[in-house]
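Chemist: for reference, the sequence and a predicted model appear below.
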Amino acid sequence: MKRIYVNEEWCLGCHLCEYECMFANSGLDEMFKLKGRTNEFIPRIKVEGEDGNDIHFAVNCRHCTNAICVKSCIAGALSKDGEGVVRIDRDKCVGCFTCVLVCPFGAIMPAPDGKAAQKCALCTDNIMGEPNCVKHCPNNAIVFEER
Amino acid sequence: MMNMFIPPEYEVVRNADLCIGCRVCERQCANEVHKYDKDLGKMIADSTKCVNCHRCVCMCPTHALKIVKSDDTYKLNYNWPVRAMNEVYRQAATGGVLLSSMGNPTENPIYFNKILVNASQVTNPPIDPLREPMETTVYLGKKDVEIKRDAQGRLKDTLPPQLRLTTPIMFSAMSYGSISYNAHESLARAAEELGIFYNTGEGGLHTDFYKYGKNTIVQVASGRFGVHEQYLKTAAAIEIKMGQGAKPGIGGHLPGMKISDDVSKTRMIPKGVDAISPAPHHDIYSIEDLRQLIYSLKEATAYTKPVIVKVAAVHNVAAIASGIARSGADIIAIDGFRGGTGAAPTRIRDNVGIPVELALAQVDERLRQEGIRDSVSIVVGGSIHSSSDVVKAIALGADACYIATAAVMALGCHLCRSCHAGKCNWGIATQRPDLVKRLNPDMGKERLVNLVHAWTHEIQEMMGGMGINSIEALRGNRLMLRGVGLNETELRILGIKHAGE
């Protein structure tokens, strides 16, 4: 399956992907409408590496083959769809955040409302249609491909 | 003594309604123009540090930034423009020679823009390059050989080595050191994919790039940096750099801060020490001396590679080219006064040398008159802006064009002309690892390939329009050109008629 991969050699640590992710999942029609509201959203991709570090890389859900988050979900909210994408059903999620604890990549996090978890679904759960972080990465460090 | 503050020429303007405070501009600016101000809770900018490279403008996800010409103005004075005044202030403060980068930005005429190209109508049909073959392949090298036959009367191959280009465009010399590893990799890989050549410049060839040798022209310049047997043998051709259009008559100076470990190894000089190229080659004071170097290089490579001699376009360029053609060179490269550079003294860049259009026309004319045009190919560079400049240059007599400014623009350069500061935000003219990585060679290569493909399509369209289906038939075909707004002398030098004639 096609997954999002990050090549840390080319990741600049610019954090654009985080804002593009926020925008993609915000439901807003224009990015600038995030103005003053960036604390209302939490990006599903996170750039590791402090400013000033030599190495940065953006991390988001790996859609693991044997996803431990799916196995650990007590409410059956996390599942793998036919394509292999790990999805979360907000309506089923009880907010126990076991998945947050077990994810080895730190790629699941509580949603801003604190009532459910959220994670990357490769922008299939918003109107973007293709991963927005990949589309806007200025240095092709984030790629969406079959490996 | 009072500090003579020079107001910034450009100002960073942020549209507060659009800025979401993502701080991408702050992270991407090596000049530290932008910063998030905690007290005010918003982004602020210090325009005095801005070099106007447009990195932040291009990266801003909400397009909240623009850079505008400052309207701060001294009392208007035609005789003392702002630039001239600021240069006096700067020199009064520092006592130094003014440095600049990239090509001459002054208002001297651009002759290519005053030349128009012909097209076929009625009597000689144009050709549609999408339906019919259109040959853009060019061979560079010496072609005036004696025809010899063996005992059976079969032709002997006496043709000296040639460079085969799929399109009459090459990437001109930019040294590793002045530009980054990733920029070099982009150029090398693009040249390989396109079937053309890139040029190492005088900084030697990184061992990682030996694999692109078939598409590499290596340079031997006055500093002789990185020149050794393997370097010469790896290349497809060797270029002796006698001069550079941006700074004719002077050498080069790569600041020590750009001499990183790898640059030091490649150039075979100590790390962190300024790399100075002398103004002359200390072993060349005549055409005969030049001939010696040409034949030394040919001998070293067993006469398998063409030798290019690159000169800046200067006042007596036609006579100089005649000498070079007789000295054994296979190709002459002429670099016009608008050619780029990683650093040059401002006065030299802006005042020395002549336009390449005039130099080319005169060199081609002179070599024809002397009957030696076929003993060399001519390559011209020095601000070839577009495919139409290539077409015009070929019609004026060139075999191919060198592009470098356009090539680095394909890699992201916005001509901020601050290469000499070593803090290129686009990862091109820098050796700082965090900046170098901003240029992903996969993308760089793709953009260079796109550019040259686009130009080649346009060259084919223009040739087709003239009813010409081979670049060979365009070369020196000055009847295809007409001047507009040029005086008698200019038309005579260019060897073209005025529009309407």
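Modeler: Sure, I can see it.

Chemist: against B:Arg326, how distant is B:Glu370?
Modeler: 9 Å (CB to CB, to the nearest Å). For the C-beta atoms, the positions are set from N, CA and C on the backbone; glycine is no exception.

Chemist: same check, this time on B:Ala393
Modeler: For B:Ala393, the distance to B:Arg326 - CB to CB - is 23 Å.

Chemist: please say which of the two ends up with more neighbours.
Modeler: B:Ala393 (30 against 15; other CB atoms under 10 Å in any protein chain shown).

Chemist: contacting residues around whichever strand or helix holds the more buried one?
Modeler: Following DSSP states H and E, one finds B:Ala393 within helix B:387-395. With contacts defined as CB atoms under 8 Å, 6 or more residues apart in numbering or on different chains, helix B:387-395 is touched by B:112, B:115, B:117, B:168-169, B:356-357, B:360, B:380, B:383-384, B:400-401, B:454-456, B:458-459, B:462-463, B:471, B:474-478, B:480-481.

Chemist: same thing but 7 Å
Modeler: The contact list for helix B:387-395 (CB atoms under 7 Å, 6 or more residues apart in numbering or on different chains) reads B:112, B:115, B:117, B:168-169, B:360, B:380, B:384, B:401, B:455, B:458-459, B:462, B:471, B:474-475, B:477-478, B:480-481.

Chemist: pLDDT below threshold where in the stretch 251-400 of chain B?
Modeler: Within the stretch 251-400 of chain B, not a single segment meets pLDDT under 70.

Chemist: what of chain B?
Modeler: Using pLDDT under 70, chain B drops low at B:1.

Chemist: name the residues of it found near chain A, please.
Modeler: B:17-22, B:24, B:27-28, B:59, B:61-62, B:433-434, B:437-438, B:440, B:442-443 (CB under 7 Å from any CB of the partner chain).

Chemist: now, of the residues you listed, which are buried?
Modeler: Neighbour counting with 16 or more other CB atoms under 10 Å in any protein chain shown marks B:18-22, B:24, B:27-28, B:59, B:61-62, B:437-438, B:440, B:442-443 as buried within these.

Chemist: ok, the residue nearest the centre of chain A - contacts?
Modeler: Closest residue to the average C-alpha location of chain A: A:Arg44 at 2.8 Å, with CA atoms, centre = their mean. Going by CB under 7 Å, 6+ apart, A:Arg44 touches A:21, A:25, A:60, A:118-120.

Chemist: please redo it, this time with the cut-off set to 10 Å
Modeler: A:17-18, A:21-22, A:24-25, A:59-61, A:107-109, A:111, A:118-123, A:125, A:133 (CB atoms under 10 Å, 6 or more residues apart in numbering or on different chains).

Chemist: A:Thr65 now?
Modeler: A:1, A:80, A:84.

Chemist: for stretch A:45-64, which positions count as buried?
Modeler: A:45-48, A:56-64.

Chemist: next one: that stretch to chain centre, how far?
Modeler: 11 Å (CA atoms, centre = their mean, to the nearest Å).

Chemist: any part of that stretch near chain B?
Modeler: Yes: applying CB under 10 Å from any CB of the partner chain, one finds that stretch A:45-64 is in contact with chain B at A:47, A:51-56.

Chemist: now swap in stretch A:126-137 and tell me
Modeler: Yes: contact of stretch A:126-137 with chain B (CB under 10 Å from any CB) involves A:136-137.

Chemist: show me which positions of that stretch end up buried.
Modeler: Buried, per 16+ other CB under 10 Å, within stretch A:126-137: A:128, A:131-134, A:136-137.

Chemist: show me which of those residues is closest to chain B.
Modeler: A:His136 (7.0 Å; CB to the nearest CB).

Chemist: model confidence score at the closest one, please.
Modeler: Looking at A:His136, its pLDDT is 96.

Chemist: now it: closest residue in space, sequence neighbours ignored.
Modeler: Excluding its sequence neighbours, the residue lying closest to A:His136 (CB to CB, 6 or more residues apart in numbering or on different chains) is A:Glu20, at 4.4 Å.

Chemist: from what I can see that neighbour touches A:Asn126, true?
Modeler: No: applying CB atoms under 10 Å, one finds A:Glu20 not in contact with A:Asn126, separated by 11.4 Å.

Chemist: give the residues shared as contacts by these two.
Modeler: With CB under 10 Å, 6+ apart, A:Glu20 and A:Asn126 have common neighbours A:Asn132.

Chemist: up against chain B, what does chain A have?
Modeler: So chain A meets chain B at A:7-16, A:18-20, A:22-23, A:30-38, A:47, A:51-56, A:136-141, A:143 (CB under 10 Å from any CB).

Chemist: now the buried members of these.
Modeler: By neighbour count, with 16+ other CB under 10 Å, the residues of chain A next to chain B hold A:7, A:10-16, A:18-20, A:22-23, A:31-32, A:34-35, A:38, A:47, A:56, A:136-139, A:141, A:143 as buried.

Chemist: check which helix or strand the residue nearest to A:His136 maps to.
Modeler: Per DSSP H and E: helix A:16-24 holds A:Glu20.

Chemist: just A:Arg3 next, same as before
Modeler: strand A:2-6.

Chemist: nearest to chain A: which residue in the stretch 151-300 of chain B?
Modeler: For the stretch 151-300 of chain B, CB to the nearest CB, closest residue to chain A: B:Asn182, 9.5 Å.
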